[in-house]
Structures are given as C-alpha cells and as structure tokens.
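[1] Have a look; sequence and predicted model below, questions after that.
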Amino acid sequence: MLLMLLAPGAGYLLLFFGLPLALAFLSSLGIGTIGADSAFTFRHYVELFTSSVYRDGIAFSVYISLAPTIVSLAIAIPLAVALQASFPGKRLFAVLYKIPLVVPAIVAAFVVMILFDRGGMLSRMLLPFGLQLPKLVRDDFAIGVIIAMAWKAVPFMALIIAGALATVPGDLKAAARTLGAGRLATFLRVELPLALPGITAAALLVFVSSTGAFAVPSLLGPIYPRPLSIWMYEEAMHENNWGLASAMGIVLSAVACVILVAYYRLTTSVHRSAGGEAR
C-alpha cells in the first residue's frame with residue numbers, strides 16, 4: 001500500500017529528473033552522444049579536469065554561485081526580520097521589495113549594465129563631481145554578476161526566511177526576554193537557530209539556481225574565466241561536442257549534490273542542538 005502511494009511521486013522524479021541525468025551521464029561517457037560515434041570513454045572528464053581553462057571555469061562557477069548567495073543572505077535576513085515588525089507603509093514595502101521576482105534575469109543584467117557600466121547612468125551622474133565608479137561590469141571579480149544575481153535572489157530568500165521566522169513560537173521569545181536576554185541575544189540564540197532550516201533551504205535554492213546561470217554571466221561577467229554554463233553552450237551548440245557538455249553538466253550537478261548533503265547535515269545538527277536546549 002505504501003509503495004502504491006509513493007509510486008506517483010517516485011515515478012515523476014525518476015522520469016523527469018533521474019532519466020535526463022542518467023542520459024547526460026551516459027553521454028558524458030561517450031554512450032549515445034549526439035553527433036559522435038558511441039564509444040565508452042573517460043576522455044571528456046580527463047579533458048575537463050586537465051585543462052586549465054575548464055578548471056578555472058569550475059572554480060568560477062562555484063564563485064559566482066557562492067558570492068551572490070552570501071550577499072543575498074546578508075541582506076535577506078535583516079529584511080525578513082524587518083518584515084516581522086509593524087511600521088507605516090509596510091504593505092507598500094511588502095509589494096515593492098518583491099518586484100525583482102517578476103523581472104527576468106536577462107532584464108536584470110541589462111539594468112545593471114545601464115546603471116553601473118562605464119559611461120552608464122551612475123557614471124554620468126558622478127562625473128560633474130569629479131568621481132568615477134570602479135569597473136563593475138565585465139570586471140575580474142564579477143561584481144556586476146553578483147549585483148544582478150543578488151538583486152534577483154534577495155526577495156526570494158526574504159520570503160522563505162520570513163516564513164521560517166514566523167513559525168518561531170512567540171512564547172519562546174517572550175521567555176528569553178523575561179530571563180534577561182536582549183532583542184539581539186533573543187534573535188541570535190532563539191529565533192536564528194530555530195529558523196536555520198528555512199534559512200539554509202533558501203540559501204541552497206539560490207546556490208543551485210546560480211550554479212547554472214547563463215544570461216547574467218554572459219552579459220556581465222569577465223572575458224576570462226567563464227563559468228561552465230557558458231562553456232556548455234559553446235561546446236554543445238558551436239563545437240557539437242555534446243559529450244564534453246554533458247560532462248560539464250554532471251560536474252555542476254555533483255557540486256549541487258555536495259551542497260545538498262551539507263545542508264541536510266547542518267539541518268539535522270541544528271534540530272538536535274535546538275531540541276536539546278529546549279529540553
């Protein structure tokens with residue numbers, strides 16, 4: 001009976017997630033590769049990890065996934081806390097901060113380019129004062145990429161974190177304040193640990209979505225290095241090297257899986273520690 005209940009969900013996951021990943025993995029090994037003879041080989045993975053260009057691409061992919069996630073988290077947590085309070089204009093603010101959710105990523109990239117590029121709006125506004133913006137578009141540190149991706153991710157993160165904070169019982173917060181804890185101590189020692197599963201879930205989702213970003217890095221990122229998402233497109237569409245493109249996709253998926261495992265371990269440890277403190 002239990003297997004019958006699980007069958008629809010498990011079948012959906014296997015059909016739409018498991019099967020494409022399995023086909024991509026086989027393609028990365030040269031089996032069933034589009035545009036090439038099928039022959040088992042590890043050469044795509046060897047090329048991926050021995051080429052300095054692709055190794056830098058892997059590192060850069062991780063960088064432009066972690067950096068926007070950390071920046072978004074630093075902004076989203078205070079924003080989520082502010083949304084718990086009542087203040088004049090809260091309804092309007094609650095609508096305005098969600099605007100980036102409906103803006104496509106490529107539009108966000110063009111907005112950043114228009115604002116922060118050399119000769120952009122902000123540069124022209126600062127010019128009469130003798131000031132000049134540093135290079136923020138196509139720079140070595142991908143600052144423009146981080147700005148665009150964080151701008152898109154902050155409201156998404158804030159929504160999840162605000163929901164997690166809202167589930168923290170008010171009695172616990174009141175008890176902590178009664179025992180002498182200040183507002184900051186109550187947040188750090190009571191609210192934050194209990195809301196951490198939601199916070200880590202939000203960070204994980206933003207990280208995974210950033211890992212495969214294409215439009216923003218291609219428009220705002222540096223010429224070199226380039227993330228694997230762009231190399232995948234180049235190898236598949238321009239070079240017809242679907243095996244190597246599949247290997248890149250598998251590596252990106254493996255990175256996401258490593259983060260997923262870390263997330264579950266962190267969540268489990270937090271639940272245990274929070275439960276121990278409650279007892």
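    Yep, it's here.
[2] Please count neighbours and contacts with C-alpha atoms only from this point.
    Fine.
[3] what's the pLDDT at residue 159?
    We have a pLDDT of 92 for residue 159.
[4] is it true that it touches residue 80?
    Yes: counting by CA atoms under 8 Å, residue 159 touches residue 80, with 7.1 Å between them.
[5] Any idea how many residues pack against residue 174?
    12 (other CA atoms under 10 Å).
[6] Please enumerate residues in contact with the strand or helix carrying it?
    Residue 174 belongs to helix 170-178 when elements are defined using DSSP states H and E. For helix 170-178, contacts defined as CA atoms under 8 Å, 6 or more residues apart in numbering pick out 183, 186, 190, 191.
[7] Could I get the buried residue list for the helix or strand just after that helix?
    Using DSSP H and E, the helix or strand that follows helix 170-178 in sequence is helix 183-186. Within helix 183-186, the residues scored as buried using 16 or more other CA atoms under 10 Å are residue 186.
[8] Contacts for helix 183-186, please.
    With contacts defined as CA under 8 Å, 6+ apart, helix 183-186 is touched by 173, 176, 177.
[9] Look up how far residue 185 lies from the second one.
    Here the distance between residue 176 and residue 185 works out to 9 Å (CA to CA, to the nearest Å).
[10] just the helices in the stretch 51-200 of the chain please.
    52-84, 90-96, 105-116, 121-126, 143-166, 170-178, 183-186, 192-211 (DSSP state H, counting those that start in this stretch).
[11] For residue 49, give me its contacts.
    Residue 49 neighbours (CA under 8 Å, 6+ apart): residue 55.
[12] pLDDT score for it?
    90.
[13] Figure out the helix or strand that it lives in.
    helix 43-50.
[14] chain center to that helix: distance?
    From the chain centre to the centre of helix 43-50 is a distance of 26 Å (CA atoms, centre = their mean, to the nearest Å).
[15] got the buried residues for it?
    44, 45, 48.
[16] Pipe the contacts of helix 170-178 into CSV and attach distance to residue 133 and pLDDT per row.
    Formatted as CSV, these follow (distance: CA to CA, whole Å; pLDDT from 0 to 100):
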residue, distance to residue 133, pLDDT
183, 38, 79
186, 40, 82
190, 41, 82
191, 39, 84
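[17] Now stretch 15-28: buried residues?
    Quick answer for stretch 15-28 (16+ other CA under 10 Å): 21, 24, 25, 26, 27, 28.
[18] Thought residue 115 was touching residue 148, still the case?
    No: counting by CA under 8 Å, residue 148 stays clear of residue 115, with 11.1 Å between them.
[19] Tell me how many other residues crowd residue 135.
    That count, for residue 135 with other CA under 10 Å as the rule, works out to 15.
[20] Let's see the pLDDT reported for it.
    Looking at residue 135, its pLDDT is 87.
[21] what sits against it?
    Going by CA under 8 Å, 6+ apart, the list of residues near residue 135 reads 117, 118.
[22] 7 Å instead?
    residue 118 (CA atoms under 7 Å, 6 or more residues apart in numbering).
[23] The one 5 residues further on now?
    Contact analysis of residue 140 by CA under 7 Å, 6+ apart lists residue 222.
[24] Would you mind measuring from it to residue 18?
    Distance from residue 140 to residue 18, by CA to CA: 36 Å.
[25] Before we move on, what's the pLDDT of the closest residue to residue 243 other than its chain neighbours?
    Excluding the flanking residues, the one nearest residue 243 by CA to CA, 6 or more residues apart in numbering is residue 28, at 4.4 Å. Note on residue 28: pLDDT of 83.
[26] what sits against residue 28?
    By CA under 7 Å, 6+ apart, the neighbours of residue 28 are 44, 243, 244, 246, 247.
[27] Buried ones among those residues?
    For the contacts of residue 28, a burial check counting by 16+ other CA under 10 Å picks out 44, 243, 244, 246, 247.
[28] Mind checking which of those residues land in helices?
    44, 243, 244, 246, 247 (DSSP state H).
[29] Show me the two of the residues you listed that sit farthest apart.
    44 and 246 (8.7 Å; CA to CA).
[30] Sweet, I'm off.
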